[in-house]
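**Student:** Below is the sequence, then the predicted model.
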Amino acid sequence: MGLPLARLVAVCLVLALAKGLELQKEARSRNHVCSTWGDFHYKTFDGDVFRFPGLCDYNFASDCRDSYKEFAVHLKRGLDKAGGHSSIESVLITIKDDTIYLTHKLAVVNGAMVSTPHYSSGLLIEKNDAYTKVYSRAGLSLMWNREDALMVAGRPVPEPHL
């Protein structure tokens, strides 16, 4: 009688641990935010944090489900003029057929320089003393401090059930 009870308890513990790990993974993936800040720190949509000291142009975040990309965010990192710290020089956002290019002082939408706030075809670009913000009807939002921090948030994408 003792051995079957021990097996039952062991099975219950394994199932509880598996469910706990599943809940942690679900909570991490609900965030739908990726970001970069400071001296080359990055956090991915699934919650992983890493450091990548690259001074280059690169794909920061993009839709990878289909051959047609719903969105892509590219950024260019460089060193600031004051103290040699890393900073984001420019951000290039593609949302469906719209292209938004941001620098510290400029906002360019589909090749035309715009003043902020700017609203057109489901796209809003705002600028205040601290941040440049971009919101799209497609569910993507971006916030950049025009220095070293950038955050991209997207609408949750349902995972396929296997």
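**Tutor:** Nice, thanks for sending it over. Numbers count the residues shown, from 1 in each chain.

**Student:** Shouldn't residue 152 be within a strand?
**Tutor:** Yes. Applying DSSP: H, G, I helix; E, B strand; the rest coil, one finds residue 152 inside a strand.

**Student:** and it, how many residues sit next to it?
**Tutor:** 24 (other Cβ atoms under 10 Å). Heads up, the C-betas are built off the backbone N, CA and C, glycines and all.

**Student:** same check, this time on residue 136
**Tutor:** The burial count for residue 136: 22, using other Cβ under 10 Å.

**Student:** could you list every residue that touches the residue nearest to residue 102 when sequence neighbours are not counted?
**Tutor:** Leaving aside its chain neighbours, residue 102 sits nearest to residue 91 (4.5 Å; criterion: Cβ to Cβ, 6 or more residues apart in numbering). With contact taken as Cβ atoms under 8 Å, 6 or more residues apart in numbering, residue 91 is in contact with 60, 73, 74, 75, 76, 100, 101, 102, 142, 144, 150.

**Student:** ok, now with 7 Å
**Tutor:** By Cβ atoms under 7 Å, 6 or more residues apart in numbering, the contact set of residue 91 is 73, 75, 102, 144, 150.

**Student:** PyMOL command to pick out the buried ones of the residues you listed?
**Tutor:** Selecting only the buried entries of the contacts of residue 91 in PyMOL, with 16 or more other Cβ atoms under 10 Å as the criterion:
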select buried, resi 73+75+102+144+150
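
**Student:** Now intersect the contacts of residue 91 with the strands, please.
**Tutor:** 73, 75, 102, 144, 150 (DSSP state E).

**Student:** My read is that the second one contacts residue 88, right?
**Tutor:** Just to be clear, that refers to residue 75. Yes. Judged on Cβ atoms under 7 Å, residue 75 makes contact with residue 88 at a distance of 5.4 Å.

**Student:** who touches both of those two?
**Tutor:** Between them, residue 75 and residue 88 share the contacting residues residue 150, judged by Cβ under 7 Å, 6+ apart.

**Student:** Residue 136 is in contact with residue 95, correct?
**Tutor:** Yes. Between residue 95 and residue 136 there is a contact under Cβ under 7 Å: 4.8 Å.

**Student:** Could you list the domains of this structure?
**Tutor:** Domain ranges of the chain: 1-30, 31-153, per automatic domain parsing.

**Student:** and among these, the most buried is which?
**Tutor:** domain 31-153 (a mean of 15; mean count of other Cβ atoms under 10 Å).

**Student:** now it: mean pLDDT?
**Tutor:** For domain 31-153, mean pLDDT rounds to 87.

**Student:** Now do the same contact list for residue 44.
**Tutor:** With Cβ under 7 Å, 6+ apart, residue 44 has these contacts: residue 34.
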